[in-house]
Every structure is written in C-alpha cells, then in structure tokens.
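Colleague: Predicted coordinates and the sequence they were generated for:
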Amino acid sequence: MPNWGGGKKCGVCQKTVYFAEEVQCEGSSFHKSCFLCMVCKKNLDSTTVAVHGEEIYCKSCYGKKYGPKGYGYGQGAGTLSTDKGESLGIKHEEVPGHRPTTNPSASKFAQKIGGSDRCPRCSQAVYAAEKVIGAGKSWHKSCFRCAKCGKGLESTTLADKDGEIYCKGCYAKNFGPKGFGFGQGAGALVHSE
C-alpha cells in the first residue's frame, strides 16, 4: 500500500498516523486509540507500557506472560492472585502435593511446634502472645510474679532459685547472707535471743 500522506504507520493497525494523534514508543508510532495492551486492552501511557519485540502490554499482563514465575513473584505488595495466565498461552505443570515426614525421630524444632511451652507456675500451655521469658523458661505474663510476695516481675528485677522466681528483695531475705552486718537496711541490727 503506498504511503500517500507521507506520515508514519501505526504499529497496531498499520494505517497512517498524523501528528495530532501520534504516540511514540520505542521508535514506533501509534494512534492514541491503538495504544492499548494487547491482552487486556487497557489504555497505555509512558508509565504503564511494557514492550516485547513489536508487542505492547500493560506492566501487569507483561509480568504474567514474560516475568518470573513461582512463589514470591506477585503483582505488588500483598497481592494474591489465582490467575495462572492461561489466557496468555502459559501452560503450568502439576506439582505433587505436600507429604508430611515419616521420620520417627522428629527434630527439636518439630517437637516444639507440635506442643507449646508449659508455664512452670501453672503448668498450662504458654502461647507467643502471652509469653514472658525469665530464668530460662517461658511464663504467662500473669504468672511472672515473685513466689513469696506476688509482686510483678521484669527480667531485670528477678532472681531465680531452684526453678522458682523471686523479686530481689524476697530473694535477699530468704537466700541472701545472714549474720551481723547483713540486716534489712543501712545500719540495721537484728538481735535474736
């Protein structure tokens, strides 16, 4: 077909593109009305176009057809799509389903997952939302108290002995040094008969 108007040919419809309706991309000219994704037919602009050879796509369709495949290659933050791209000519292999291990001696990690930690005070299960760690064990927040006076503890204010936890004051009274000079306060003398 002769090019009587002298203008450039559209990359989609092959008709003459005049200056007022021209969109340029990768050295080719298009009519504004022809500058559409080849799959979903959405209008494109310089920020949404992706080119593959002579074909133009929106970034989403281009990614589905030519982008990486597999876990972690979604279409944006937090996007979950069940579209497998069959409309784009993509064929998928069937992946065998997950089979649990038959190993009789499970790892420590697997044993930990199977059952949660137990609180040493109440012997109930301790879950992550309520877990406090002290003296190398997991406790409920409500059980993380001095065994003598019941005062709430923090990891910096506790002392442990024989698997029990105490506030520093009760620990000093019950397990600290005894005798002359080891009283309750500065200069205190304890006299026992």
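Modeller: Happy to help now that I have it.
Colleague: residue boundaries of the strands in the protein?
Modeller: 8-9, 16-17, 22-25, 28-31, 49-52, 55-58, 117-118, 125-126, 131-134, 137-140, 158-161, 164-167 (DSSP state E).
Colleague: Nearest to Tyr66, out of those?
Modeller: With Cβ to Cβ as the criterion, Tyr66 lies closest to strand 49-52 of the strands of the chain, at 5.9 Å. Yep, even glycine has a C-beta here, placed from its N, CA and C like the rest.
Colleague: Just send the strands of the chain back as TSV, with mean neighbour count and distance to Lys64 too.
Modeller: Converted to TSV, those look like this (neighbours: other Cβ atoms under 10 Å; distance: least, Cβ to Cβ, whole Å):
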stretch	mean neighbour count	distance to Lys64
strand 8-9	16	29
strand 16-17	20	29
strand 22-25	16	20
strand 28-31	19	22
strand 49-52	15	11
strand 55-58	21	9
strand 117-118	14	44
strand 125-126	17	44
strand 131-134	15	42
strand 137-140	19	46
strand 158-161	16	56
strand 164-167	20	57
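Colleague: what would these look like in JSON lines with distance to Gly150?
Modeller: Shown next, in JSON lines, are the strands of the chain (distance: least, Cβ to Cβ, whole Å):
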{"stretch": "strand 8-9", "distance to Gly150": "86"}
{"stretch": "strand 16-17", "distance to Gly150": "84"}
{"stretch": "strand 22-25", "distance to Gly150": "74"}
{"stretch": "strand 28-31", "distance to Gly150": "78"}
{"stretch": "strand 49-52", "distance to Gly150": "66"}
{"stretch": "strand 55-58", "distance to Gly150": "65"}
{"stretch": "strand 117-118", "distance to Gly150": "21"}
{"stretch": "strand 125-126", "distance to Gly150": "19"}
{"stretch": "strand 131-134", "distance to Gly150": "15"}
{"stretch": "strand 137-140", "distance to Gly150": "14"}
{"stretch": "strand 158-161", "distance to Gly150": "13"}
{"stretch": "strand 164-167", "distance to Gly150": "9"}
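Colleague: So which of these is nearest Pro177?
Modeller: Closest approach to Pro177 among the strands of the chain is made by strand 158-161 (13.8 Å; Cβ to Cβ).
Colleague: Which parts of this structure are helices?
Modeller: 59-66, 108-114, 168-175 (DSSP state H).
Colleague: Lowest mean pLDDT across those helices, which one is that?
Modeller: For these, mean pLDDT drops lowest on helix 108-114, to a mean of 47.
Colleague: Quick check: bridge partners of Lys8?
Modeller: With DSSP bridges as the criterion, Lys8 is bridged to Val17.
Colleague: any idea how far the closest residue to Leu44 other than its chain neighbours lies from Ser142?
Modeller: Closest residue in space to Leu44, ignoring its immediate chain neighbours: Phe35 at 5.2 Å, by Cβ to Cβ, 6 or more residues apart in numbering. Noted for Phe35: a distance of 65 Å to Ser142, by Cβ to Cβ, to the nearest Å.
Colleague: That's all I had, so thanks and see you.
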